[in-house]
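J.: fold the following for me, if possible:
(2 chains)
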Number of protein chains: 2
Amino acid sequence: MSVATFYHAGCSVCVDAEQNLAYALDPARYTVEIVNFADSPERIAEAETAGVQSVPAFVIDGNVFHVNHGATMAQVKGE
Amino acid sequence: MSVATFYHAGCSVCVDAEQNLAYALDPARYTVEIVNFADSPERIAEAETAGVQSVPAFVIDGNVFHVNHGATMAQVKGE
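T.: Okay, the predicted model is just below:
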């Protein structure tokens, strides 16, 4: 079982990707974790370390997949 | 059953997304079609009509998800 972490920031682009892509993964092979930085700002550093540059993004088995473009990580951090 | 069409152009970014994301969808809910423009240039117009601006990209139930960035459609068309 792989862990697929979907990072987002609550933006409309993020929610669209969450509903139509994040939940599309095969539950028999992937445990999907949804991380909303608005609720879990302490996860920002972990995402950046994994290579996330913008949200929404998926990290699956260490591979980062940026999906469309909602916001940069700088914007997420309010910089 | 939904159809998820994964458009790509054979680039390394595309192949990585194909192997790690396209095949991750739930086969019980999605029929995944892989379209490589190098093999099927006649599908380019259809992708552009759907809203694909770069590859790799997923079109799922009419929603376009650009995944990372391999090439623009202009580059795909050799413009």
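
J.: residues contacting the helix or strand encompassing residue A:13, please?
T.: Taking DSSP states H and E as the definition, one finds residue A:13 inside helix A:12-20. Helix A:12-20 is contacted by residues A:6, A:8, A:34, A:55-56, A:67-71, B:60-61, B:63, B:65 when judged by C-beta atoms under 8 Å, 6 or more residues apart in numbering or on different chains. Where you see a C-beta, it was placed from the backbone N, CA and C, and this is true even at glycine.

J.: among the residues you listed, which ones are in helices?
T.: Per DSSP state H, helices hold no members of these.

J.: lowest-confidence one in the residues you listed?
T.: Within these, residue B:61 has the lowest pLDDT, namely 92.

J.: which non-adjacent residue is nearest it?
T.: Closest residue to residue B:61 apart from its sequence neighbours, by C-beta to C-beta, 6 or more residues apart in numbering or on different chains: residue B:2 at 5.3 Å.

J.: now for residue A:43, how many residues are close by?
T.: Residues near residue A:43, counting by other C-beta atoms under 10 Å in any protein chain shown, number 16.

J.: show the contacting residues for the closest residue to residue A:27 other than its chain neighbours.
T.: Nearest non-adjacent residue to residue A:27, counting by C-beta to C-beta, 6+ apart: residue B:26, 6.5 Å away. Residue B:26 makes contact with A:24, A:25, A:26, A:27, A:28, according to C-beta under 8 Å, 6+ apart.
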